[in-house]
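S.K.: Show me the folded form of this:
(3 chains)
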Amino acid sequence: MATTAIWWVRRDLRLTDNPALTAALSASEQVVPLYIIDPALVNSDYVGANRLAFLYDGLRALAADLHSRGGQLIVRRGDPLAVLPELASASGAAAIFAEADVSPFARRRDARVAARLPLHLTAGASVFPPDAVLKADGTPYTVFTPFSKAWKALPAPQPADLLAAPAQISVPPGLPTESIPAAPALPKDIPFPAGEAEARRRLEKFEGQMQQYGDVRDRMDLNGTSRLSPYLRFGMLSMRQAAVAARSAIEAAPTPAAAKSATVWLNELIWREFYQSILYHFPRVRTSNFQPKFNRMPWANNQAHFAAWCQGRTGYPVIDAAMRQLTHSGWMHNRARMIVASFLVKHLLIDWRWGERFFMQHLLDGDPAANNGGWQWTAGCGTDAAPYFRIFNPILQGKKFDPHGNYVRRWLPELAHVPTALIHTPWEMSPLEQQAAGCRIGQHYPAPLVDHSRARNRALAAYNQVKG
DNA sequence: TGAAATGTTGGGGCG
DNA sequence: ACGCCCCAACATTTC
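M.R.: Here you go, the predicted model:
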């Protein structure tokens, strides 16, 4: 009888450069590619329809890729602790292989599984596992720059290190599978087709743009970023594939400026690894301030203000455009993420966890480590955090990073005819200008929810309380 | 991976 | 020609 192993797919929806799959294939003749739709995850308030739709589409793409190699994706719904033993006995599998996941939820789940079944966790979610990048005394880094230096000093993965996709996958016949749920109805303008092939296409396209990344990455009105985050989130692309591409762009750069630009993108990848390491070594950050003194923070937590922020109705065009980009497309430009996060936490004095949860509910790329790290950074309560007095001015940020107002107009059609000079301060339009633009402030578009200068002073006072 | 307040400098208008 | 003032423009410090 053929030996069998389960490849338990979680956040590694790819056949190329997949250490868990490779380990399963080398351990046994037959492999059961299994995805378990866990109701505890699906119904969590950290998950939303956007990301579920992307996941289900990704599973369909993975199933097709497996099918073309003679395999099959087995899908089950239920608690992994119940599904895995049942499938192991039905298939005769002697071992389970899966990619390690740093989130506290995943680690608890995997520990319970490993207590009952032979579960082998492999690296793969990051270029280097969290225990590989440590200070000389063995403790984890809590500041990004030294972390990134240590990361860059480790032997870089080479193109030849990337694991090839198996040509053929043999799955034991006759295993019952459930259908992949139809993706929930979503707005049509979600510009992220799921799947490994699409991820690779995007990476190849971005390799041609990486040398300009440093110049255009902050421009919200341009497509200067890689837009790979949803694919990295679900492992449709491995971090090693991304890092190899970044390194080769740096080496092939014709000018120092081009090399620097690609290095900036490599640093963005390292931020992902940094926050994975933080979540792994300090799991309490998932629910708590990394800096305990922020437990005293006098949040205002005004429900109506939070609702206005969520709906993109704060009266500040950059904020509202970004929030609608998030809810309508499942993604937000990174610069915009910093601006809206700063606004929620500082202008509105709302607990960063509220914003963190809302992001998780809407982002295709919503990742516990990166999202939590970003929010704690903005709130100033995290590792290597932004200083408390760094308060983004939404008007200036708009003028700098959306200079023609094209980003604002794209997501806020009610401002389509506002003159560019006032696109980031539409409340400054005279009654005549409002009429000409077909946009009456307070009717077609809200007046500012808070006054910038007053909100800034209130935030400084609140943060001073924590500091002292 | 800011912004505002405050300080400094230098050119030009003007008596 | 000179001093005075104004105020960009830039630099520094403060939050």
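S.K.: CA only for contacts and neighbour counts going forward, please
M.R.: Noted.
S.K.: Secondary structure element for the spatially most central residue of chain A, which one?
M.R.: The residue lying closest to the centre of chain A (CA atoms, centre = their mean) is A:Asp365, at 3.4 Å. Per DSSP states H and E: A:Asp365 is located in neither a helix nor a strand.
S.K.: Nearest residue to it in space, please, no chain neighbours.
M.R.: A:Pro230 (4.0 Å; CA to CA, 6 or more residues apart in numbering).
S.K.: With DNA strand B as the reference, measure out to that neighbour.
M.R.: Separation of A:Pro230 from DNA strand B (CA to the nearest atom of the strand, to the nearest Å) stands at 17 Å.
S.K.: Kindly report the same for A:Arg51.
M.R.: 23 Å.
S.K.: same check, this time on A:Phe343
M.R.: Using CA to the nearest atom of the strand, we find A:Phe343 at a distance of 11 Å from DNA strand B.
S.K.: The residue nearest to A:Asp365: what secondary structure?
M.R.: Secondary structure, DSSP: H, G, I helix; E, B strand; the rest coil: A:Pro230 is helix.
S.K.: That one: neighbour count?
M.R.: A count of nearby residues for A:Pro230, using other CA atoms under 10 Å, gives 24.
S.K.: Would you agree it is in contact with A:Asp367?
M.R.: No. Counting by CA atoms under 8 Å, A:Pro230 does not reach A:Asp367; the two are 9.2 Å apart.
S.K.: residues shared between the contacts of these two?
M.R.: Residues touching both A:Pro230 and A:Asp367 by CA atoms under 8 Å, 6 or more residues apart in numbering: none at all.
S.K.: where exactly do the strands run in the stretch 101-250 of chain A?
M.R.: A:119-122 (DSSP state E, counting those that start in this stretch).
S.K.: neighbours around the residue in it that DNA strand C sits nearest to, how many?
M.R.: Of all residues in the stretch 101-250 of chain A, A:Val143 sits closest to DNA strand C, at 19.5 Å by CA to the nearest atom of the strand. Other residues within reach of A:Val143, judged by other CA under 10 Å, total 14.
S.K.: Report pLDDT for the residue lying closest to it once chain neighbours are set aside.
M.R.: Nearest residue to A:Val143, sequence neighbours excluded (CA to CA, 6+ apart): A:Asp384, at 4.9 Å. Listed pLDDT for A:Asp384 reads 86.
S.K.: For A:Asp384, give me phi and psi.
M.R.: A:Asp384 adopts backbone torsions of phi 50, psi 50, taken as degrees, to the nearest 10.
S.K.: Might you name the residue of the stretch 51-200 of chain A sitting closest to DNA strand B?
M.R.: The nearest approach of the stretch 51-200 of chain A to DNA strand B comes at A:Phe144, 7.7 Å away (CA to the nearest atom of the strand).
S.K.: A:Leu59 versus that residue, what's the distance?
M.R.: Computed as CA to CA, to the nearest Å, the A:Phe144 to A:Leu59 distance reads 34 Å.
S.K.: who's more crowded, these two?
M.R.: Set A:Phe144 next to A:Leu59 and count neighbours by other CA under 10 Å: A:Leu59 wins out with 22 against 18.
S.K.: neighbouring contacts of whichever strand or helix holds the more buried one?
M.R.: Here A:Leu59, judged by DSSP H and E, is contained in helix A:49-67. Residues outside helix A:49-67 that contact it (CA under 8 Å, 6+ apart): A:13-15, A:42, A:72-73, A:169, A:180-184, A:186, A:193-196, A:234, A:236, A:330, A:361-366.
S.K.: which residues does the nearest residue to A:Asn302 once chain neighbours are set aside contact?
M.R.: Nearest non-adjacent residue to A:Asn302, counting by CA to CA, 6+ apart: A:Ile350, 7.1 Å away. Neighbour list for A:Ile350: A:Trp299, A:Ala300, A:Asn301, A:Asn302, A:Phe306, A:Leu344 [criterion: CA under 8 Å, 6+ apart].
S.K.: Looks to me like A:Ile350 is in a strand.
M.R.: No. Counting by three-state DSSP, A:Ile350 is not found in a strand; it is coil.
S.K.: got the phi/psi numbers for it?
M.R.: phi -110, psi 140.
S.K.: Can you give me the distance of A:Lys152 to A:Gln291?
M.R.: Per CA to CA, A:Lys152 is found 27 Å from A:Gln291.
S.K.: ok, A:Pro403 - how many residues close by?
M.R.: Using other CA under 10 Å as the criterion, A:Pro403 is surrounded by 19 other residues.
S.K.: just A:Gly58 next, same as before
M.R.: Count around A:Gly58 with other CA under 10 Å applied: 22.
S.K.: now do A:Ala136
M.R.: A count of nearby residues for A:Ala136, using other CA under 10 Å, gives 9.
S.K.: How about the one 10 residues further on?
M.R.: Per other CA under 10 Å, the neighbour tally for A:Pro146 reads 13.
S.K.: just A:Ala2 next, same as before
M.R.: Counted with other CA under 10 Å, the neighbours of A:Ala2 add up to 9.
S.K.: can you check A:Ala336 too?
M.R.: As a burial measure, A:Ala336 scores 24 neighbours (other CA under 10 Å).
S.K.: Report the buried residues of whichever helix in chain A runs longest.
M.R.: When chain A is parsed with DSSP state H, its longest helix is helix A:256-281. By 16 or more other CA atoms under 10 Å, the buried positions in helix A:256-281 come out as A:258-267, A:269-281.
S.K.: for chain A, which spans come out with low pLDDT?
M.R.: Residue ranges of chain A with pLDDT under 70: A:1, A:185-189, A:468.
S.K.: Let me see the domain layout of it.
M.R.: A:4-125, A:196-281, A:292-467 (automatic domain parsing).
S.K.: want to try JSON lines for those, with distance to A:Leu163 as columns?
M.R.: Shown next, in JSON lines, are the domains of chain A (distance: least, CA to CA, whole Å):
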{"stretch": "domain A:4-125", "distance to A:Leu163": "4"}
{"stretch": "domain A:196-281", "distance to A:Leu163": "10"}
{"stretch": "domain A:292-467", "distance to A:Leu163": "24"}
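S.K.: Quick one, which of the ones you listed gets closest to DNA strand C.
M.R.: The nearest among these, by CA to the nearest atom of the strand, is domain A:292-467 at 4.8 Å.
S.K.: First-to-last residue distance for the closest one?
M.R.: Using CA to CA, first and last residues of domain A:292-467 are 11 Å apart.
S.K.: Surely A:Arg240 touches A:Leu162?
M.R.: Yes. Counting by CA under 8 Å, A:Arg240 does reach A:Leu162; the two are 7.3 Å apart.
S.K.: more neighbours, the two?
M.R.: Neighbours were counted for A:Arg240 and for A:Leu162 using other CA under 10 Å; A:Arg240 has more, 24 against 16.
S.K.: Let me see the contact set for that one.
M.R.: By CA under 8 Å, 6+ apart, the residues touching A:Arg240 are A:Asp17, A:Gly124, A:Ser126, A:Val127, A:Pro157, A:Leu162.
S.K.: what's the answer for A:Tyr275, then?
M.R.: Contacts of A:Tyr275 by CA under 8 Å, 6+ apart are A:Ala369, A:Ala370, A:Gly373.
S.K.: neighbour-wise, which of these leads?
M.R.: Most surrounded of the contacts of A:Tyr275: other CA under 10 Å gives A:Gly373, at 28 neighbours.
S.K.: residues contacting it?
M.R.: A:Tyr275, A:Gly382, A:Thr383.
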